[in-house]
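[1] Turn this into a structure:
(one chain, ligands or ions: 1)
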Amino acid sequence: MPPQLGRDPIAEVLKAMTLEEKSLMVTGAKRREVVPVATLGRKQKNITAVGGYTYPFVRLGIPAIYLSDGPAGLRIAPRRENDPNTYYCTAFPVATLVASSWDVQLAEQVGRGMGHEALEYGVDILLGPALNLHRDPLGGRSFEYYSEDPLVSGKMAAAAVQGIQSQGVGACLKHFAANNQETSRRFINTVVSERALREIYLKGFEIAVREAKPWTVMSSYNKINGVYTSESKELLETILREEWGFDGFVLSDWYGGEDAVKQMKAGNDLLMPGLAVWSNKIDSAVRHRNLEVSLVDQNISRILQVALKTPTFKNYPYSEKPNLVANARLAREAAAQSMVLLKNDSKALPLAETDKKIAAFGNYSYKLIVGGTGSGMVNNKYGVSLVQGLENAGYQLDKGLKERYQAYLTRGRPQNLKADSLITALPKLDSILGEMAIDESLIHLKAKEADLAVITIMRVFGEGGDRKLANDYYLTAEERSLLKTVSDSFHAQGKKVVVILNIGGVIEVASWRGMADAILLAWQPGQEGGNALADLISGKVNPSGKLATTFPKDYQDSPSSKNFPGTPAGEPKQVVYEEGVYVGYRYFDSFKVDPAYEFGYGLSYTTFGYKNLKLGSGTFKDKVTVTLEVTNTGNVAGREVVQVYISAPAKTMEKPLKELKGFAKTRLLQPGETQSLVFTLDAHALASFDANTSAWVADAGLYQVKVGASSQNIKQTASFTLPKSIIVQKVNKVLSPHVRIKEFSKN
Ligand code: BGC
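    Alright, predicted model coming up:
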């Protein structure tokens, strides 16, 4: 009998593999028919993992590994041949919403929930979390990603990985790296400085790799400074493995990169989803001595080490019955803890005892958009709309409006509600119905009959394309006119208007927000969205989410707008990140551009006081502790997100005005209750990346610690000095741009 995986050392298994087997092992098993032979005495798996599989080699005891999307919940095919059952998964809130909780424990719980479903459906590796940065408001996949800030992204992703992997399945950090747009996504060349790469685009991945040890990392489609990430040894070996200690395997994004041999050499261990031309090319390169077989062995060995940990290898008796009830509860809780109250004039929310009859406007008050389109979608059983949620909470919704809207909505449905589709549904905004037209006279009538109005604005998009300005970033003419008529009519009756944003990315708000009394940002809240919204609207839960991404006043204010999505126009080949490290609030703050709603912003039904900010020492040695007290100074229980920023001296390098270096969310504080918080800032928190010396350097001088309720609402400040500069860490000179980038400068 040949050596067996698990019984014999991997080196022995490798010796027994033929070259043909080896070249198949490093390319996915695209043809699903080959996968059932993986049974090896194990239960025959019937699932279609929407993602892919690795090749099984029965004679060597190597089973197929099952990889499935994605970042907002497990995506498997809900239907199977000759099977009357439907296999649903839970649509959790999208990453942008989870990040708005600023609660790493919550992100971990959501990860657990997703991991549990993967395990119980027979999947080995969940293809998430995704943590590319929100570089530009028009990014088509931004809903899959957390934030514009690398610390928030990295901490959230680390927590998600820990949650997923606590279930005994693997996570996959994607898309590594600097994959911040969908335009020309398969070949766009991202030209970016070493400093911006290290501080902004790699930082989140670094945090998640170091803190959570993901089983896998997915390289991205784009090039960085001229080289495909999947073909970049500097990225995958030097940075990811040597510098950060990653010990899992790297897989390509689906059909990513160009040259299978270069990918092998770069340490992109597995090419997905697998094509015969790739395995043939690898086979032939080894035969012609263009590729060392020892390199392929190394790639395989990394895959097999992970394979040994998988539920499939361990023959885990998966039930096909994950606890969807518990996960629905979790999805509701997660959404309610994360939504952001953007505006609340005259305490419009929570609704008063007398606010009973609600007139709901906007198509998507009646149909929730749980998440975005593409591989990040989930085949969930249901989505609770705003109106259903409000009804569940005991409110009376205007029946006439409900009938009209529901009849209108049966005429079309957004693509991401195509639950049965096995194929990645690409977004086509045109397929989504425009706002239903309503006579002004009817709106006037409703303003007399109802106690208040709610209006939902919806945006859905996803993988395969970026967004447009007209009718997407900006409101449509119909939406504007609906807002205006409803607002005028209800305000004339002394009644309030609440706007709900069920959107996957940032939209323009400054020109119309005056028409609303309250604005509640739900992002894409997962299948329990309507119930979570009702929890907040009714006051059962006090809003505690804050923005992890800036809402600019206008698109042109965004630093990336000057060169997104690259040149030449039409089908860009290259995008230059001229804004450098000035992404998101780092830009708005430093260049004094006023946003509509700043990073870190969000309202509550209560108020909080910050006091007793103290530093462990006025002089920095290896670290400095930051302590403070937060008190609920209002009348209802609530949670506060506390943010710690540092303003660093700009001696050798210019610095953003301030940068987030820590954050925490309090427990639920009763009125009058105080919680002490402690943060530790180490030398890394002080350092910036100096491309000249390829080192993280903390400049000597005065550091200000700014603790606040948002990036612009700083409550307390203290300072310490660093007497002498420190070279915190020396790293490798890699991924350098070959052209001069004219980066933004404050000077
Ligand atoms: C996406 C990945 C996804 C993969 C498998 C690709 O198109 O970019 O995020 O995991 O497909 O579905």
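[2] looking at it, Leu173 is touching Arg210, isn't it?
    No. Leu173 is beyond contact range of Arg210, at 11.5 Å (criterion: CB atoms under 8 Å). Glycine gets a C-beta too; all of them are placed from N, C-alpha and C.
[3] Mind checking which of those two has more residues around it?
    Leu173 (30 against 14; other CB atoms under 10 Å).
[4] any idea how far Ser153 is from Val626?
    To Ser153, Val626 is 22 Å away according to CB to CB, to the nearest Å.
[5] for Arg198, what are its contacts?
    By CB atoms under 8 Å, 6 or more residues apart in numbering, the contact set of Arg198 is 689, 696, 731.
[6] Select from those the one having the most neighbours.
    Highest neighbour count within the contacts of Arg198, by other CB under 10 Å: Phe689, with 24 neighbours.
[7] which residues does that one bridge with?
    In this entry, Phe689 is beta-bridged to Trp696, by DSSP bridges.
[8] Just to check, it is in contact with Ile200?
    No. Contact between Phe689 and Ile200 fails when scored by CB under 8 Å: they sit 9.7 Å apart.
[9] Name the helix or strand of this structure that has the lowest mean pLDDT.
    Taking mean pLDDT, DSSP states H and E as the measure, the chain has strand 51-53 as its least confident helix or strand, at a mean of 91.
[10] now that strand: how far from the chain's centre is it?
    21 Å (CA atoms, centre = their mean, to the nearest Å).
[11] Spell out which strands sit alongside it in the sheet and which way each one runs.
    strand 66-69 (antiparallel).
[12] State the number of residues packed around the spatially closest residue to His134 that is not a sequence neighbour.
    Once flanking residues are discounted, His134 sits nearest to Glu148: 4.3 Å by CB to CB, 6 or more residues apart in numbering. Glu148: 28 surrounding residues under other CB under 10 Å.
[13] What does the pLDDT read for Glu148?
    Per-residue pLDDT puts Glu148 at 98.
[14] So which residue is dead centre in this structure?
    Tyr145 (2.2 Å; CA atoms, centre = their mean).
[15] how far away is the nearest residue to that residue once chain neighbours are set aside from Val460?
    The shortest distance from Tyr145 to any non-neighbouring residue, by CB to CB, 6+ apart, is to Asn132 (4.9 Å). Using CB to CB, one gets 19 Å for the distance from Asn132 to Val460.
[16] what do you get for Lys356?
    Lys356 sits 31 Å away from Val460 when distances are taken as CB to CB.
[17] quick one, what contacts Lys733?
    194, 694.
[18] I'd like to know how far it sits from Ser279.
    To Ser279, Lys733 is 35 Å away according to CB to CB.
[19] Check Asn323 too.
    To Ser279, Asn323 is 40 Å away according to CB to CB.
[20] okay, now whichever residue of the stretch 51-200 of the chain sits closest to the ligand: neighbour count?
    Nearest residue of the stretch 51-200 of the chain to the ligand: Leu127, at 3.9 Å (CB to the nearest ligand atom). For Leu127, the neighbour count with other CB under 10 Å is 32.
[21] hang on, the earlier thing: what secondary structure does the residue nearest to Tyr145 sit in?
    Classification of Asn132 using DSSP: H, G, I helix; E, B strand; the rest coil returns coil.
[22] Please verify my assumption that it contacts Glu182.
    No. Using CB under 8 Å, Asn132 makes no contact with Glu182, being 10.7 Å away.
[23] Now do the shared contacts for these two.
    Overlap of the contact sets of Asn132 and Glu182 (by CB under 8 Å, 6+ apart) consists of 139, 141.
[24] Excluding chain neighbours, give the residue nearest to Gly111 in space.
    Gly163 (2.3 Å).
[25] So the one you found, which state does it fall into?
    Per three-state DSSP, Gly163 ends up helix.
[26] pretty sure it is touching Arg112, no?
    Yes. Assessed by CB under 8 Å, Gly163 is found in contact with Arg112 at 4.1 Å.
[27] Counting neighbours, go ahead and name the busier of these two.
    A direct count of neighbours by other CB under 10 Å for Gly163 and Arg112 places Gly163 higher, at 25 against 20.
[28] Get me the contact residues on the stretch 201-350 of the chain for the ligand.
    253-254 (CB under 6 Å from any ligand atom).
[29] Residue in the stretch 201-350 of the chain with the shortest distance to the ligand?
    For the stretch 201-350 of the chain and the ligand, the shortest gap (CB to the nearest ligand atom) falls at Trp254, measuring 4.0 Å.
[30] Quick check: which element contains that residue?
    Assigned by DSSP states H and E, Trp254 belongs to neither a helix nor a strand.
[31] Which residue ranges of the stretch 101-250 of the chain form strands?
    Ranges of strands in the stretch 101-250 of the chain, per DSSP state E, counting those that start in this stretch, are 125-127, 170-176, 189-191, 216-219, 223-224, 227-228, 249-251.
[32] ok, and the closest non-adjacent residue to Pro78?
    Nearest in space to Pro78, with sequence neighbours left out and distances taken as CB to CB, 6+ apart, is Asn379 at 4.2 Å.
[33] Give me the phi and psi angles of the one you found.
    Dihedral pair for Asn379: phi -90, psi 80, per degrees, to the nearest 10.
[34] List the residues that contact the residue nearest to His134.
    Counted by CB under 8 Å, 6+ apart, Glu148 has contacts 133-135, 548-550, 583-585, 599.
[35] how near is the closest residue to the ligand within the stretch 451-600 of the chain to Gln493?
    At 6.0 Å from the ligand, Glu463 is the closest residue in the stretch 451-600 of the chain, using CB to the nearest ligand atom. Glu463 sits 44 Å away from Gln493, going by CB to CB.
[36] next one: Ala118
    Separation of Ala118 from Gln493 (CB to CB) stands at 51 Å.
[37] Likewise for Asp136?
    Using CB to CB, Asp136 is found at 41 Å from Gln493.
[38] for Lys661, same thing?
    According to CB to CB, Lys661 stands 49 Å off from Gln493.
[39] More neighbours: Asp136 and Gln493, which one.
    Taking other CB under 10 Å, Asp136 and Gln493 do not tie; Asp136 has more neighbours (26 against 16).
[40] Next to the ligand in this structure, residues from the protein, please.
    Contact residues (CB under 6 Å from any ligand atom) of the chain with the ligand: 51, 69-70, 127, 174, 253-254, 375.
[41] Most neighbours among those residues, which one?
    Of these, with other CB under 10 Å as the count, Leu127 tops at 32 neighbours.
[42] residues contacting that residue?
    Residues in contact with Leu127 (CB under 8 Å, 6+ apart) are 51, 67-71, 172, 174, 218, 375.
[43] All the helices of the stretch 351-500 of the chain, in order from the start?
    Taking DSSP state H, counting those that start in this stretch, the helices of the stretch 351-500 of the chain run over residues 386-392, 399-409, 440-449, 477-492.
[44] Which residues does stretch 274-283 contact?
    19-20, 22-24, 26-30, 52, 55, 255, 260-261, 264, 271, 291, 296.
[45] For it, give the mean pLDDT please.
    Averaging pLDDT along stretch 274-283 gives 96.
[46] in it, what counts as buried?
    274, 278-279, 281-283 (16 or more other CB atoms under 10 Å).
[47] Could you do stretch 242-252 as well?
    Within stretch 242-252, the residues scored as buried using 16+ other CB under 10 Å are 243-244, 246, 248-252.
[48] do stretch 86-94 as well
    Result for stretch 86-94 [16+ other CB under 10 Å]: buried residues 87-94.
[49] Please apply the same query to stretch 668-685.
    Those would be 669, 675, 677, 679, 681, 683, 685, for stretch 668-685 by 16+ other CB under 10 Å.
[50] what's the spacing between it and its chain's center?
    Centroid displacement of stretch 668-685 relative to its chain, using CA atoms, centre = their mean, is 25 Å.
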